[in-house]
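# Provide a 3D model corresponding to the input given below.
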Amino acid sequence: QVQLVESGGGLVQAGASLRLSCAASGRTFSSYAMGWFRQAPGKEREFVAAISRSGASTYYADSVKGRFTISRDNAKNTVYLQMNSLKPEDTAVYYCAATGGTAQAMGVMKTDYWGKGTLVTVSS
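Below you'll find the model as predicted:
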């Protein structure tokens, strides 16, 4: 069992930056590929970014590529999502996720564990 706790959400203006953190406990953190998903009001949960077990490989949704950066610190059992140049359309609840599969194949249906989410609101 893996427990995931997100933090770092908040209300910011368009163009600002935020860094989300996800602290993991339980089984060996480095055994899991990690990712971030988001769900806006009235919309389905969607993939944002994923990172391999070692951190060597990262993957991004086209909508955030070049603005968001995912990283992990296996010594601290933590994964991060640095979000720059935020837009109102980035407003959503952001969820941390862990999978025993590959980061490249990470998806809503291929996630083993979810956090409870942290709200990011971007005002125009």
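# in the chain, which spans are strands?
2-7, 10-13, 18-26, 33-39, 46-51, 58-60, 68-73, 78-83, 92-99, 113-114, 118-123 (DSSP state E).
# The spatially most central residue of the chain bridge partners, please.
The C-alpha lying nearest the average C-alpha coordinate of the chain belongs to Trp36 (CA atoms, centre = their mean; 2.1 Å). Counting by DSSP bridges, Trp36 is bridged to Ala49, Cys96.
# thinking again about what came up before, closest to Gly107 out of the strands of the chain?
strand 46-51 (6.1 Å; CB to CB). In this view, the C-beta of every residue, glycine as well, is placed from N, C-alpha and C.
# Just the C-alphas of the closest one, formatted as CSV.
Taking Å, rounded to 0.1, in the frame of the first residue of the first chain, the C-alpha atoms of strand 46-51 are listed here in CSV:
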residue,chain,number,x,y,z
GLU,A,46,-6.6,13.9,-17.5
PHE,A,47,-3.0,13.1,-17.6
VAL,A,48,-0.5,15.9,-17.0
ALA,A,49,2.9,14.5,-16.5
ALA,A,50,4.8,11.3,-15.5
ILE,A,51,8.3,10.4,-14.4
